[in-house]
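> pasting the structure only:
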C-alpha cells in the first residue's frame, strides 16, 4: 500500500485506542443504547457474569507469576519451601534484597544498565528524530531509495549479525567489557525512523510553510516546530526504545564476560547461578530489582507505550 | 544552453539545494554508517563465514557449501529445525488464538477492564531473562506454585525442564505468557478501527452474535491479524533469553532452536562456520516471511 495511506491508518489507529476508548463509549454509545453494546451483545446479567469470570481467569493466568515473584522476594527461604505455600509473606523480610545485593555486584549491574540504556536509547531517539526529518523535509538525490536501504535493516535482526559483530567489536576493536561495545552496534535505528517519518508526513503542511516564511532554517524548524508537534510519537517510540534496551540480552551476554560489566538481565541470571538454583528468595528479590524500574515507567506511561505498539501494527 | 549559462543554471539549483543536501548527509549519514558496519556488512561477512571451517583461532579453511551439506544430513540439525518449527508454530498459534479471545473479552464494557488490560500487557515490558527465572521458580517440580495448583486438582507436575518430553512445552508456555499482551493490544486496536456502522447494519439485517462476528469482526480484523501473525512469528524465531535462562537448549538439545544453536556453535563449541549456517537459515526464514507479508498485504488483505 502507499505510504500516504499508511500514514492515515497510523493516525487512525493511534487515535482509536486503549484507555480513551472507554471514555468515548461512556459519553457516546452507552447513553444512546444501554440495551445493546457496540458489538451488539444483548446486555444481560448472564453475559456480564461470564465476562467478569473470564476477566478473573485472565487476571490470574497473567498476573499470578508476577505476584508470586513479588511475594517470594519478601519471604524467608524456609517459608518458600514450605508446603502448602503461603499466599502472603508471614514474616515479611528485606533480607533477600540485601543478600542479592551482596552476593553479586548489583550496584554495577544497575549503573551499567542505566548508562547503556541512556546512551543506547539516546542514540536511537536522536537518529530517529533527525533522520526522519531529513527523509521528509530535505531534498537529496535518490532520497526514497536511501530510505528503502535504511528500512531494509529491519529485515536483518541482531541475532543474524551477532557472530560477525562479535568479531568486529571484541576482536578488531577490543571493546569487550566496555560501554561503547555494548551500545554502538545497536545505536542506529530503522524502525523509529520509519515510525516518525510516517508521523511527520501526517502533520499539517501549513505549519512548515509558515515557519519557512518566518525565515526559520531547517534545524530551527525541526527543533521548534516538528519536535513539539510530534511529541506523542517521539515519546511512544522513546519509551519502547528504553524498555527494549533495558531488557536487551543476547548482545550484552556475548560482549561482556566480567561480572562488573554485566547489565541487569545478564546479572540476574548470574545471581541465579551463584545461588545454585536453590535459594529462590534472593533470586526473586533480584528479579524484582530488575523489573521494578520498567514497571514504574509502564504504570506512568502506559498509554504512550501501548499507542506506540499499536501504531506499528499498520506499517504494512 | 551553452557554457557559462548552463553552469550558472546548475550553480543556481545547487546553491538552493546544496545546504539541504549537506544537512541531509549530516543527519542520515551517521545512522546509515552504523548500519553499514553493524548490520549490512555483518550479513555479508556471515555469508562468507558459513563457507569456511574455523575455530576462532587457526586459519579459516574454505569448504564452500560443506557446512550446509554436513548440517543438513545431521540428525542433530534436523532436530534443531524441528524444534524451531514446533516452537514457532505453537507459540504463534497460541498467542494469536488466546490473544483474540482475550481481546474480544476486554473489548466489552466491563468494570475494571482497563486494569485487566494493563496486567495482561505488563509481561511484554518485562525482561525475558527475569521472567524466565520467575517461571523456573514456578515450574519447580517439588516446591513450585504450578505443582501445588496441579495438586489441588489431583495432578502431578512433570519435571518440566529436565524432561525431554516436557521442556519444550515449558519454554512455549513462558514465551506465550510473556507475549500474549502484545497480541491483545494489536487486536484491540484492530477491533476499535472497525466502523460501528457495520455492526449496526448487520444488526438491521438480523445477524446474530455469531453472524456479526463472522461477517464484520473477522474480515475487519484480517489486515491486523496478518500483521500480528508475521510479527509474532518473527519474535518467536528470535526468542533467546527465555530459553537461555531456563534450559540452555537442553535437556539433550530438546529446546535448541536455530537461534540457540547459533549461540551454542559460535560461543560454546567455537565452530564459526556452523554457527554462520544457522544464522543464514534464520535470516532466510525471516526474509521469506517478510516477503510473503509484503506481497500478501498488498493484494489479499483488505483494509476495512
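It's in. Quick caveat, the model's predicted, so the values are computed rather than measured. Numbers count the residues shown, from 1 in each chain, chains lettered A, B, ... in the order given.
> going forward, measure contacts and count neighbours with C-alpha atoms only.
Will do.
> what sits against residue A:124?
With CA atoms under 8 Å, 6 or more residues apart in numbering or on different chains as the criterion, the residues that contact residue A:124 are A:187-189, A:192, A:241.
> so what's residue A:227 up against?
So, once contact is read as CA under 8 Å, 6+ apart, residue A:227 ends up touching A:129, A:234.
> any idea which element it lies in?
helix A:227-229 (DSSP states H and E).
> need the next SSE after that helix, C-terminal direction.
Secondary structure here is assigned by DSSP H and E; on that basis, the next helix or strand after helix A:227-229 toward the C-terminus is helix A:231-247.
> Please, where are all the helices along the stretch 151-300 of chain B?
B:167-193, B:196-204, B:209-212, B:218-238, B:241-246, B:258-267, B:272-299 (DSSP state H, counting those that start in this stretch).
> How about the residues of the stretch 101-250 of chain A by chain B?
For the stretch 101-250 of chain A, the residues in contact with chain B under the definition CA under 8 Å from any CA of the partner chain are A:127, A:130-131, A:134-135, A:138-140, A:150, A:153, A:155-156, A:158-161, A:163-165, A:184-189, A:243-244, A:246-250.
> Restricted to strands, list these.
Nothing among these maps onto strands, per DSSP state E.
> In helices, which of the residues you listed appear?
Using DSSP state H, the members of those that fall within helices are A:127, A:130-131, A:134-135, A:150, A:158-161, A:163-165, A:243-244, A:246-247, A:250.
> How much space separates the residue nearest to residue A:237 when sequence neighbours are not counted from residue B:265?
Closest residue to residue A:237 apart from its sequence neighbours, by CA to CA, 6 or more residues apart in numbering or on different chains: residue A:308 at 6.0 Å. Distance, residue A:308 to residue B:265, using CA to CA, to the nearest Å: 36 Å.
> Over to residue B:225?
The gap separating residue B:225 from residue B:265 is 35 Å, by CA to CA.
> Compare the two (neighbour count), which wins?
residue B:225 (21 against 18; other CA atoms under 10 Å in any protein chain shown).
> right, and the more buried one touches residue B:189 too?
No - between residue B:225 and residue B:189 no contact is recorded; they are 10.8 Å apart, counting by CA atoms under 8 Å.
> joint contacts of the two?
Common neighbours of residue B:225 and residue B:189 (CA under 8 Å, 6+ apart) do not exist.
> Where does pLDDT dip in chain B?
B:1-14, B:16, B:297-304 (pLDDT under 70).
> How about the contacts made by residue 257?
I'll assume chain A. Applying CA under 8 Å, 6+ apart, we find residue A:257 in contact with A:176-177.
> Correction: the question concerned chain B.
Contacts for residue B:257 were tallied using CA under 8 Å, 6+ apart; they are B:80-81, B:83-84, B:87, B:249.
> quick one: which helix or strand includes the residue nearest to it when sequence neighbours are not counted?
Distances taken as CA to CA, 6+ apart place residue B:84 nearest to residue B:257, at 4.7 Å, with adjacent residues excluded. Secondary structure assignment for residue B:84, by DSSP H and E: helix B:75-106.
> the strands in the stretch 1-150 of chain B, which residues?
Read by DSSP state E, counting those that start in this stretch, the stretch 1-150 of chain B holds these strands, from start to end of the chain: B:52-53, B:61-62.
> Can you tell me what sits against the last one?
Read that as strand B:61-62. Identification of contacts with strand B:61-62 by CA under 8 Å, 6+ apart yields B:51-54.
> Okay, now the sheet partners of it, with direction.
strand B:52-53 (antiparallel) (DSSP bridges).
> so how far is the partner strand from its chain's centroid?
29 Å (CA atoms, centre = their mean, to the nearest Å).
> And stretch A:228-241, by the same measure?
Using CA atoms, centre = their mean, the offset of stretch A:228-241 from its chain centre is 12 Å.
> How many residues are close by residue A:121?
Residue neighbour count, defined by other CA under 10 Å, stands at 27 for residue A:121.
> Next: residue A:163.
Residue A:163: 25 surrounding residues under other CA under 10 Å.
> who touches it in this structure?
Taking CA under 8 Å, 6+ apart as the criterion, residue A:163 is in contact with B:46, B:266, B:272, B:275-276.
> Residue A:250 versus that one, what's the distance?
When CA to CA is applied, the distance between residue A:163 and residue A:250 equals 11 Å.
> same question, residue B:54
Here the criterion is CA to CA. By it, residue B:54 lies 22 Å from residue A:250.
> Likewise for residue B:170?
21 Å.
> These two - which one has more neighbours?
Neighbours per residue (other CA under 10 Å) separate residue B:170 from residue A:250, with residue B:170 holding more: 22 against 18.
> can you pull up the bridge partners for residue B:53?
For residue B:53, the beta-bridge assignment (DSSP bridges) gives partners residue B:61.
> Please verify my assumption that it contacts residue B:68.
No - shown here, residue B:53 and residue B:68 do not form a contact pair, counting by CA under 8 Å, at 11.3 Å.
> so what's in contact with the two at the same time?
Contact criterion CA under 8 Å, 6+ apart; residues bridging residue B:53 and residue B:68 by contacting each: residue B:274.
> before we move on, back to that, most tightly packed of the strands of the stretch 1-150 of chain B?
strand B:52-53 (a mean of 22; mean count of other CA atoms under 10 Å in any protein chain shown).
> who touches that one?
The set of residues that contact strand B:52-53 without belonging to it, under CA under 8 Å, 6+ apart, is B:60-64, B:67, B:271-274.
> now, which of those residues sits nearest residue B:29?
When the contacts of strand B:52-53 are compared for distance to residue B:29 (CA to CA), residue B:272 comes out closest, at 31.5 Å.
> ok, now which ones touch the closest one?
A:163, B:49-50, B:52-56, B:265-266.
> In this model residue A:199 seems to touch residue A:230, though I could be wrong.
Yes - here residue A:230 reaches residue A:199: they are 6.9 Å apart, a contact under CA under 8 Å.
> Count the residues that sit near the nearest residue to residue B:17 once chain neighbours are set aside.
Closest residue in space to residue B:17, ignoring its immediate chain neighbours: residue A:139 at 6.9 Å, by CA to CA, 6+ apart. Counted with other CA under 10 Å, the neighbours of residue A:139 add up to 17.
> How far off centre is stretch B:154-174?
The gap between where stretch B:154-174 is centred and where its chain is centred comes out at 23 Å by CA atoms, centre = their mean.
> what's in contact with it?
Contact partners of stretch B:154-174, identified using CA under 8 Å, 6+ apart, comprise B:87, B:90-91, B:132, B:135, B:139-141, B:146-147, B:150-151, B:242-243, B:246-247, B:250-252, B:254-255.
> Neighbours of residue A:203, how many?
When counting by other CA under 10 Å, one arrives at 14 neighbours for residue A:203.
> Quick check: phi and psi on it?
phi -80, psi 150 (degrees, to the nearest 10).
> For it, give me its contacts.
For residue A:203, the set of contacting residues under the criterion of CA under 8 Å, 6+ apart consists of residue A:229.
> ok, now how distant is it from chain B?
20 Å (CA to the nearest CA, to the nearest Å).
> pLDDT score for that residue?
Residue A:203 is assigned a predicted lDDT (pLDDT) of 87.
> can you tell me how far it sits from residue A:227?
In this structure, residue A:203 and residue A:227 are 11 Å apart, going by CA to CA.
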